[in-house]
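Q: turn this into a model:
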Amino acid sequence: MTEAPASLEAAVLHALDATSERVLERSALAGGSIHQVERWRLTGGAPLVLKITDGDERVFATEAVGLRALAAAGALRVPRVLGLGRTADRSLTFLALEDLGDGGRTLRDDAFFERLGQGLAEVHRTPPASILADLDATADGPFGFAHDNFLGPTLQPNSWLEDWPTFWRLRRLEPMVALLRARRLLDAELERRLAALGEQLDDLLATSDPPSLLHGDLWSGNVLVDGSGAPAVIDPATYFGHREADLAMTRLFGGFAPRFEAAYRAAWPLDAGDSDRAAVYELHHLLNHLVLFGGGYRSACLARLRRFD
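A: Numbers count the residues shown, from 1 in each chain. I've put the predicted structure just below:
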């Protein structure tokens, strides 16, 4: 394999095996709060979306696997991965994706949200074995993923475990506590309440549901309307876990019409006690926001924790 060229444009064309083409246009796209996101038009073929980072070069490789996992479920549209690479000096890493188009409408249509709810339930019902087979991967337990990945810029550990409450304690809660401590954001009240929550997880998160492939970061900004008006999802932080963790994220920051969850519940009802479990799952994302953005999220974290006094 030849070495990637030094310039970004040349490196992208090299990764796409399109070195005979030229880049006609580059335009910035909204939503790139963590990475730079652009639409590129080449001399031959459809436009593509390019994500660019000068951060951890593993971010896009793991995202690409997550997109392929969601595509293997075959229930919601995800962009095809067209290419992945970096410039020769390794200063920039990029992920080239299919451009899904623009449906030209906001996410307020009941039919759209019904399709999204039904599609997510179908993703969650897809047997993990069939998804892992498409990834040419194996599992050492029911909960986890083939590799660690990223929740935004935060490394997300996914090593396999047999038990869901234990997975949540060891792979989600304790790593967040460690990050908060390292950033000196773990005050005495937060530390005490998080420790108390950890002791309750065996009861709180007990479930008879089978493991589901989770998007992992399903807020409204990661849901698109494609060119045909159908729902599509992007920017996953995939792993196999309890399906309600995805639903909790859809509630946390809003943007999903009631028809979405109604359609999901009609396709696959939730067990009693889901609101308490949702508070645990919401807390994970709020703790991550506290790590990334500071003390403004402390009160929201404590509000979830006080629920378990």
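Q: Glu63: helix or strand, and which one exactly?
A: helix 58-73 (DSSP states H and E).
Q: repeat for Ser299
A: Remark: Ser299 resides in helix 298-306, with elements defined by DSSP H and E.
Q: show me where the stretch 51-200 of the chain has strands.
A: Listed in chain order, the strands of the stretch 51-200 of the chain (DSSP state E, counting those that start in this stretch) span 81-86, 93-98, 149-151, 154-156.
Q: so which of those strands is nearest Glu63?
A: If you check each of the strands of the stretch 51-200 of the chain against Glu63 by Cβ to Cβ, strand 93-98 wins as the nearest, at 6.3 Å. (Glycine included, C-beta is placed from N, CA and C.)
Q: run through the residues that contact Leu95.
A: Going by Cβ atoms under 8 Å, 6 or more residues apart in numbering, Leu95 touches 50-51, 60, 63-64, 81, 83-84.
Q: so can I have CSV of the residues you listed showing distance to Tyr297 and neighbour count?
A: Output for those, formatted as CSV (distance: Cβ to Cβ, whole Å; neighbours: other Cβ atoms under 10 Å):
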residue, distance to Tyr297, neighbour count
Leu50, 31, 24
Lys51, 25, 22
Phe60, 26, 24
Glu63, 24, 23
Ala64, 29, 18
Val81, 32, 18
Gly83, 36, 19
Leu84, 32, 16
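Q: Arg298: which of those residues is nearest?
A: Taking Cβ to Cβ as the measure, Arg298 sits nearest to Glu63 out of the contacts of Leu95, at 29.1 Å.
Q: hey, what's Leu84 bridged with?
A: With DSSP bridges applied, Leu84 shows beta-bridge pairing to Leu95.
Q: low-confidence stretches in the stretch 101-250 of the chain?
A: Low-confidence segments of the stretch 101-250 of the chain, defined by pLDDT under 70, are located at 103-107.
Q: where do the helices sit along it?
A: Counting by DSSP state H, counting those that start in this stretch, the stretch 101-250 of the chain has these helices, from start to end: 110-125, 128-135, 164-167, 174-182, 188-204, 244-252.
Q: identify each buried residue in the helix holding Ser299, please.
A: Neighbour counts over helix 298-306 (16 or more other Cβ atoms under 10 Å) mark 298, 300-302, 304-305 as buried.
Q: looking at the helices of the stretch 101-250 of the chain, which is buried most?
A: Ranked by mean neighbour count, the helices of the stretch 101-250 of the chain are led by helix 244-252 with a mean of 22 (mean count of other Cβ atoms under 10 Å).
Q: the inter-axis angle of that one versus helix 110-125?
A: 150 degrees (axes from the mean of the first three to the mean of the last three Cα atoms, to 10 degrees).
Q: can you list contacts of helix 244-252?
A: The contact list for helix 244-252 (Cβ under 8 Å, 6+ apart) reads 120, 124, 209, 212, 214-220, 256, 260-261, 264, 270, 274, 277-279, 281-282, 284-286.
Q: so how far is Ala257 from the closest residue to Leu194 other than its chain neighbours?
A: Taking Cβ to Cβ, 6 or more residues apart in numbering as the measure, Leu194 lies nearest to Val177, with 5.6 Å between them; neighbours along the chain are not counted. Separation of Val177 from Ala257 (Cβ to Cβ, to the nearest Å): 35 Å.
Q: one more: Leu224?
A: Here the distance between Leu224 and Ala257 works out to 15 Å (Cβ to Cβ).
Q: comparing these two, which residue is more hemmed in?
A: Between Leu224 and Ala257, counted using other Cβ atoms under 10 Å, Leu224 has the larger neighbour count: 21 against 18.
Q: so the more buried one bridges to which residues?
A: With DSSP bridges applied, Leu224 shows beta-bridge pairing to Ala232.
Q: follow-up on the earlier one: just curious, which of the buried residues of helix 298-306 is nearest to Leu97?
A: Distance from Leu97 was checked for each of the buried residues of helix 298-306 by Cβ to Cβ. The minimum falls on Ala300, at 31.9 Å.
Q: all set, thanks.
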